[in-house]
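A.B. asks: Curious how this folds, go ahead:
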Amino acid sequence: MKKKRLLSMLLAATFLFSLTACARTDGGEKPSDEQPSQGTNSQAPADPMEVSQGVTDDTIYIGTASLVSGAFAYIGQPAYDGLRACVERFNAQGGVLGRKVELVPYDDQGDAAQGKATVERWVEQDKVFALVSLFGHIVEPSLPYLKEKGIPVINISSGLDVCYSENEPGGNLFQVQPANMTDARYLIARVLHESIFGPNKDEKLPADAKIAVVHGTDSASMSTLEHLKETAEQEGALDRLVIEAVTPDTYATAIQKFKNEDCQVVIFMGIDSTTWISAMDDAQYEVPVVFSYGASTLQSYVPDTYKPGRPCYATIWGDYSGQAGQDMLDDMMDALTYLDDLDEATRLSYRDNNYCVAGYAYGITLVQALERYNEHEGEYGLNWNDFIKVMELEPFHFGAVEFDYMNGKRMGVDTFAFVEYIGNPETGEEELITVRPFETLDEVLAK
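C.D. replies: Residues are numbered from 1 along each chain as shown. Predicted coordinates:
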């Protein structure tokens, strides 16, 4: 039977990743300081002979956060392994235009004060070609710097609005995971339009039922709340929301208020699911709970506390239930065999580890982009301007998920599936079952 993951849920405050890195953990000769740097987002004609910094005759250097030690290693190590598995397999298959990819990883154990310095070190000292899989705490201090430099960045693990844009042609930031604004809209849409309520879970929420909304107090949480409220207002349900900003110390107080207001469902915009569920149990408050996508993993729940009368749902952007999802997991497991330092037990455990899957998603995005160079050999150069054009060529595919950056779109994954957690207190068995497939927001709102 699995133990509670209370500590991990308390630490991971903004989905999978809210950190970045700082002590170099992998060697390798750095590219020459004489490498030219293309720090603009211009749309000049492609020059296949022009290269940016971080590109040598046989290597492309990519900076990434490893975070394989300290309190956040339970997040960082699987994510790093998923990313480097993609890279190692890609290298074994020939790499890009005769060059191998070499990761330049740093691990600062989640020290936010080092975030901007680490980013500048990658760009100015290590002179990497691109950055892949950064953690969210670097967003506010580093985003202006990254945009000014123009270095391509594949995913900063933050759902903050400033990392996303619906129309930014030539933009150098390529988010993979969804924006908080996207998730918030889906959360309220699912609650208002899905038939998941009632004793048989086949009824819609009553039109006058009050909806509890739980959120944090940081700027990202407040922004997410505003997007949820905007959609609720458009649906004529704003006056039905009972909203509470919480910390773990105030869960009990918030729950008592929801009970007094007779709220019939809870939207929990966070991932501290185990503590929240325990607090609901302590208060004998049994209503459905709908979690944000940060809780769409088995690591977010405990089978001991499962109750059919208090179902737990979550939005999810990496649904693995269908054949496409299972094929993707099979592919990830194959990629992990290219890591010589990974023992078999750990590799097998990663199939159910969303942190590894997330790192793999970012790695797949990088590899698919580099494969386009091989497919279009001679058309694009390994420089920042052309890399952005290559990223915009066509959609990317990750299992059943499709996302694209075409025509300046920079929103990451923007469709969600919907899952329910099922646990068995007696055996410890647990699973996430798909309640609804990937759907657009308009499709959910039309139900």
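A.B. asks: Mind naming the longest strand for this protein?
C.D. replies: Longest strand of the chain, by residue count under DSSP state E: strand 430-439.
A.B. asks: Which elements pack onto that one?
C.D. replies: Secondary-structure packing of strand 430-439 (3 or more Cβ pairs under 8 Å, 6 or more residues apart in numbering; DSSP states H and E): strand 312-316, strand 416-423. Placement of C-beta: from N, CA and C, glycine included.
A.B. asks: what's the most buried one of those strands?
C.D. replies: Among the helices and strands packed on strand 430-439, strand 312-316 has the highest mean neighbour count (mean count of other Cβ atoms under 10 Å), at a mean of 26.
A.B. asks: That one: what's the following helix or strand?
C.D. replies: Next helix or strand after strand 312-316 toward the C-terminus (DSSP states H and E): helix 323-336.
A.B. asks: list the buried ones in that following helix?
C.D. replies: In terms of neighbour count (16 or more other Cβ atoms under 10 Å), helix 323-336 has its buried residues at 325, 328-329, 331-333, 335-336.
A.B. asks: again with stretch 364-384
C.D. replies: 364-373, 380-384.
A.B. asks: Next up, the contacts around the residue nearest the centre of the chain.
C.D. replies: In the chain, the centroid-proximal residue (Cα atoms, centre = their mean) is Gln177; its distance is 3.8 Å. Counting by Cβ atoms under 8 Å, 6 or more residues apart in numbering, Gln177 makes contact with 15-16, 155, 157, 159, 317, 358, 361, 412-413.
A.B. asks: And these, which two are furthest apart?
C.D. replies: Comparing all pairs in these by Cβ to Cβ, the longest separation belongs to Gly159 and Ala361, at 14.9 Å.
A.B. asks: Packing partners of the one helix or strand Leu228 maps to?
C.D. replies: Using DSSP H and E, Leu228 sits in helix 219-234. Helix 219-234 sits against helix 180-193, strand 210-215, strand 241-245, with contacts defined as 3+ Cβ pairs under 8 Å, 6+ apart.
A.B. asks: And the contacts of that helix?
C.D. replies: The contact list for helix 219-234 (Cβ under 8 Å, 6+ apart) reads 14, 158-161, 180-181, 183-185, 187-189, 192, 211, 213, 215, 238, 240-241, 243, 245, 267, 269-270, 292.
A.B. asks: Flag the shaky bits of the chain, pLDDT-wise.
C.D. replies: Scanning the chain for pLDDT under 70 picks out 1-46, 108-110, 112.
A.B. asks: for it, which helix is longest?
C.D. replies: helix 354-375 (DSSP state H).
A.B. asks: Let me see the contact set for Glu120.
C.D. replies: For Glu120, the contact set (Cβ under 8 Å, 6+ apart) comprises Tyr145.
A.B. asks: gap between it and Gly54?
C.D. replies: Glu120 is 15 Å from Gly54, where distance means Cβ to Cβ, to the nearest Å.
A.B. asks: Likewise for Leu445?
C.D. replies: Distance, Leu445 to Gly54, using Cβ to Cβ: 44 Å.
A.B. asks: Likewise for Asp281?
C.D. replies: When Asp281 is compared with Gly54 (using Cβ to Cβ), they lie 52 Å apart.
A.B. asks: Look at those two and report which has more neighbours.
C.D. replies: Using other Cβ atoms under 10 Å, the more surrounded residue of Asp281 and Gly54 is Gly54, with 26 against 13.
A.B. asks: ok, the residue nearest to Trp276 when sequence neighbours are not counted - contacts?
C.D. replies: Spatial nearest neighbour of Trp276, chain neighbours left out: Phe268 (5.7 Å); criterion: Cβ to Cβ, 6 or more residues apart in numbering. Phe268 is in contact with 214, 276, 289-292, 295, counting by Cβ under 8 Å, 6+ apart.
A.B. asks: can I get the residues you listed in a markdown table with distance to Ser165?
C.D. replies: Converted to a markdown table, the contacts of Phe268 look like this (distance: Cβ to Cβ, whole Å):
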| residue | distance to Ser165 |
| --- | --- |
| Val214 | 28 |
| Trp276 | 32 |
| Val289 | 32 |
| Val290 | 27 |
| Phe291 | 27 |
| Ser292 | 21 |
| Ala295 | 26 |
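A.B. asks: which among these gets closest to Val435?
C.D. replies: Of all the contacts of Phe268, Val435 sits closest to Val290, with 10.7 Å by Cβ to Cβ.
A.B. asks: Now Asn180: closest residue in space that isn't a chain neighbour?
C.D. replies: Nearest one to Asn180, counting by Cβ to Cβ, 6+ apart, is Gly159 at 3.3 Å.
A.B. asks: Let me see the contact set for that neighbour.
C.D. replies: With Cβ under 8 Å, 6+ apart, Gly159 has these contacts: 14-15, 177-181, 183, 220, 224.
A.B. asks: Check Leu298 too.
C.D. replies: Counting by Cβ under 8 Å, 6+ apart, Leu298 touches 352, 421, 430-432.
A.B. asks: Which among the contacts of helix 219-234 count as buried?
C.D. replies: Among the contacts of helix 219-234, those scoring as buried are 14, 158-161, 180-181, 183-185, 187-189, 192, 211, 213, 215, 240-241, 267, 269-270, 292 (criterion: 16+ other Cβ under 10 Å).
A.B. asks: count of neighbours near Glu431?
C.D. replies: Neighbour count for Glu431, taken as other Cβ under 10 Å: 14.
A.B. asks: Please name the residues that touch it.
C.D. replies: Neighbouring residues of Glu431 by Cβ under 8 Å, 6+ apart: 298, 421-422.
A.B. asks: Could you list the buried residues of stretch 281-301?
C.D. replies: Per 16+ other Cβ under 10 Å, stretch 281-301 contains these buried residues: 285, 287-301.
A.B. asks: scratch that, stretch 143-152
C.D. replies: Residues 143, 146-147, 149-152 are the ones in stretch 143-152 that count as buried (16+ other Cβ under 10 Å).
A.B. asks: just stretch 99-108 next, same as before
C.D. replies: 99, 101-108.
A.B. asks: swap in stretch 425-442?
C.D. replies: Neighbour-count burial for stretch 425-442 flags 430, 432, 434-436, 438-439, 441 (criterion: 16+ other Cβ under 10 Å).
A.B. asks: Dump those to CSV, plus distance to Lys259.
C.D. replies: Compiled in CSV, the buried residues of stretch 425-442 are given as follows (distance: Cβ to Cβ, whole Å):
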residue, distance to Lys259
Glu430, 27
Leu432, 28
Thr434, 31
Val435, 26
Arg436, 28
Phe438, 34
Glu439, 32
Leu441, 31
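A.B. asks: so which of the residues you listed would you say is closest to Tyr80?
C.D. replies: Tyr80 lies nearest to Leu432 out of the buried residues of stretch 425-442, by Cβ to Cβ, at 23.7 Å.
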